[in-house]
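Engineer: I'll drop the sequence and a predicted model, then ask my questions.
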Amino acid sequence: MSGAAAGVDLLELFLRFLALSMLSVGGAVSVAPEMHRYLVEQRHWLTDGQFTGSIALAQAAPGPNVLFVPILGYQVAGLAGAVVAMVGILLPSTVLSLWAGRWGGKHRDTPAVRAFTAGLAPISVGLIAATAWVLMLPFFGNPEHRFGALALMAATVVVLLRSKISPIWLIAVGALAGGLGFA
Amino acid sequence: MRPTDAAQPSPRSRGDLFLTFTWLALQGFGGVLAVAQRELVDRKRWLTRDEYLDIYSVAQILPGPNVVNFSLMFGDRFFGLSGAMASLAGMLLMPIILVLALAAVYNQFSAIPEVAGALRGMGAVAAGLMVAMAAKLLGALRSNPMGAGICAALLLASFVAVAVLRLPLVWVVLGLGVSAWGAARWCIARKEVDA
């Protein structure tokens, strides 16, 4: 993970993230598979490890989940990349939510708006599950670390569903286990 | 803007909003909204519980990060557009600086096997966090007016389309979203006829 990839078109990056903003139902995490497809599979600006690592770093820091987006931009094209990616992912949804905050409060109980909420709910769960899948996939193909990584993932899921512990402690356990070579 | 109520406190200024949201964001490891509820409703009493849920439910259904949408609507309620910008800046500015500093430090030391291993371990936990997030949201689908069968079908279809078939997201969200909206409208209308 050293510095910016070569030949990055910042305008293209900006326009892609601008378009993804309006598709991010359920949060920026929902569009992570599409970012992976674009940055890793199509353009080869990032490796699988860099992509997963960016999401991991964002989870380790305080603040909203969306902060993986400026890290992705930073790894692709430095500070300019971070700004372009973050403004792109936030601009359209910001304009919409300012408008909808004023309008939606009054119309929240109409059937059309209720159907919108109800209809999108299962789709956004499916998209978050897809994000989990995209993050897990590289570990399956890594025989050296496969067992430890899968054990960490499974332990994370069990602990989070059964306790109210803050995720930061699990991230710390993951960093320790990985640093010591167990995962 | 909300009607002023003498008994209920409100933010003094845009600077107050900025600092409050900065403080919220810096406490939020793996979920800022729970912290927001504690600070804004229980401690500062800028919102009642019902007002909080009102803003939250709209913030949640819109595209974009829920926390960001929430900050915008909250700031807009008190000081209009400039208030929205103040709470948004509070929510994002310090965390972005921190997270980019973290990435820059990581890049310096990523050649060290222990550091690379630590990030790999954190990545595995991050994948687990996403699985748990999806599992927790499953519970909320129980009260969905479309019923379990349609919900399961939509969930599976969006997962397979994006994760397995790798179809472009825009077609998945538009195609499934419009069908889901239609299905939900039909189910809601039918329930109202029954009731």
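Structural biologist: That came in fine, so what should we check first? Numbers count the residues shown, from 1 in each chain, chains lettered A, B, ... in the order given.

Engineer: From now on I want contacts and neighbour counts done on CA atoms only, so please keep to that.
Structural biologist: Noted.

Engineer: Endpoints of stretch B:40-53, how far apart?
Structural biologist: 12 Å (CA to CA, to the nearest Å).

Engineer: Please point out which parts of it sit buried.
Structural biologist: B:40-41, B:45-47, B:52 (16 or more other CA atoms under 10 Å in any protein chain shown).

Engineer: Now flag whichever of those residues is closest to A:Pro167.
Structural biologist: B:Leu40 (22.2 Å; CA to CA).

Engineer: Look at that closest one and report its pLDDT.
Structural biologist: On the pLDDT scale, B:Leu40 is placed at 92.

Engineer: got the contact list for it?
Structural biologist: B:46-47 (CA atoms under 8 Å, 6 or more residues apart in numbering or on different chains).

Engineer: Low-confidence bits of the chain, can you list those?
Structural biologist: As the question left the chain open, I've gone with chain A. A:1-6, A:104-105 (pLDDT under 70).

Engineer: Actually, chain B is the one I wanted.
Structural biologist: In chain B (pLDDT under 70), the answer is B:1-6, B:30-31, B:195.

Engineer: re the thing from before, can you flag which of the buried residues of stretch B:40-53 belong to strands?
Structural biologist: Using DSSP state E, the subset of these located in strands is empty.

Engineer: wait, which of the residues you listed is closest to chain A?
Structural biologist: Nearest to chain A among the buried residues of stretch B:40-53 is B:Tyr52, at 12.0 Å by CA to the nearest CA.

Engineer: could you pull out the helices for chain A?
Structural biologist: A:10-23, A:32-36, A:48-60, A:68-107, A:111-140, A:146-162, A:167-179 (DSSP state H).

Engineer: Select, out of those helices, the one closest to B:Arg185.
Structural biologist: Nearest to B:Arg185, of the helices of chain A and by CA to CA, is helix A:111-140 at 5.0 Å.

Engineer: relative orientation of that closest one and helix A:68-107 in degrees?
Structural biologist: If you take axes from the mean of the first three to the mean of the last three CA atoms, to 10 degrees, helix A:111-140 sits at 160 degrees to helix A:68-107.

Engineer: Helix A:111-140: how far from the chain's middle?
Structural biologist: 12 Å (CA atoms, centre = their mean, to the nearest Å).

Engineer: anything in that helix near chain B?
Structural biologist: Yes. Helix A:111-140 reaches chain B (CA under 8 Å from any CA of the partner chain) through A:111-112, A:114-136, A:139.

Engineer: Can you turn the buried part of these into a PyMOL selection?
Structural biologist: Restricted to buried positions by 16+ other CA under 10 Å, the PyMOL selection for these reads:
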select buried, chain A and resi 114+115+116+117+118+119+120+121+122+123+124+125+126+127+128+129+130+131+132+133+134+135+136+139
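
Engineer: where's the nearest residue to B:Leu93 once chain neighbours are set aside relative to B:Gly28, distance?
Structural biologist: Leaving aside its sequence neighbours, B:Leu93 sits nearest to B:Thr22 (CA to CA, 6 or more residues apart in numbering or on different chains; 7.7 Å). Applying CA to CA, the value for B:Thr22 to B:Gly28 is 10 Å.

Engineer: how many neighbours does B:Arg190 have?
Structural biologist: 12 (other CA atoms under 10 Å in any protein chain shown).

Engineer: Okay, buried residues for stretch A:28-41 please.
Structural biologist: By neighbour count on 16+ other CA under 10 Å, the buried set for stretch A:28-41 is A:28-40.

Engineer: cool, and stretch B:175-182?
Structural biologist: B:176-177, B:180-182.

Engineer: Could you list the residues in contact with it?
Structural biologist: A:115-116, A:118-120, A:123, B:154, B:158.

Engineer: could these be laid out in a markdown table, adding distance to A:Lys164?
Structural biologist: Shown next, in a markdown table, are these (distance: CA to CA, whole Å):
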| residue | distance to A:Lys164 |
| --- | --- |
| A:Ala115 | 32 |
| A:Phe116 | 31 |
| A:Ala118 | 27 |
| A:Gly119 | 29 |
| A:Leu120 | 27 |
| A:Ile123 | 26 |
| B:Leu154 | 29 |
| B:Ser158 | 29 |
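
Engineer: Residue nearest the middle of chain B, spatially speaking?
Structural biologist: In chain B, the C-alpha nearest the mean C-alpha coordinate belongs to B:Asn66, at 2.5 Å (CA atoms, centre = their mean).

Engineer: distance of the residue nearest the centre of chain A from A:Ala129?
Structural biologist: Nearest residue to the geometric centre of chain A (CA atoms, centre = their mean): A:Val29, 3.7 Å. For A:Val29, the distance to A:Ala129 (CA to CA) stands at 10 Å.

Engineer: what do you get for B:Pro113?
Structural biologist: B:Pro113 is 30 Å from A:Ala129, by CA to CA.

Engineer: again with B:Met94
Structural biologist: Remark: distance between B:Met94 and A:Ala129 (CA to CA) = 29 Å.

Engineer: in stretch B:125-143, what counts as buried?
Structural biologist: B:125-135, B:137-138, B:141.

Engineer: and it, does that touch chain A?
Structural biologist: Yes. Stretch B:125-143 is in contact with chain A by CA under 8 Å from any CA, via B:125-134, B:136-138, B:141.

Engineer: out of the residues you listed, who's nearest B:Val32?
Structural biologist: B:Met133 (14.1 Å).

Engineer: so who does that closest one touch?
Structural biologist: A:Ile128.

Engineer: doesn't B:Leu156 make contact with A:Val125?
Structural biologist: No. A:Val125 is not in contact with B:Leu156 according to CA atoms under 8 Å; the separation is 9.3 Å.
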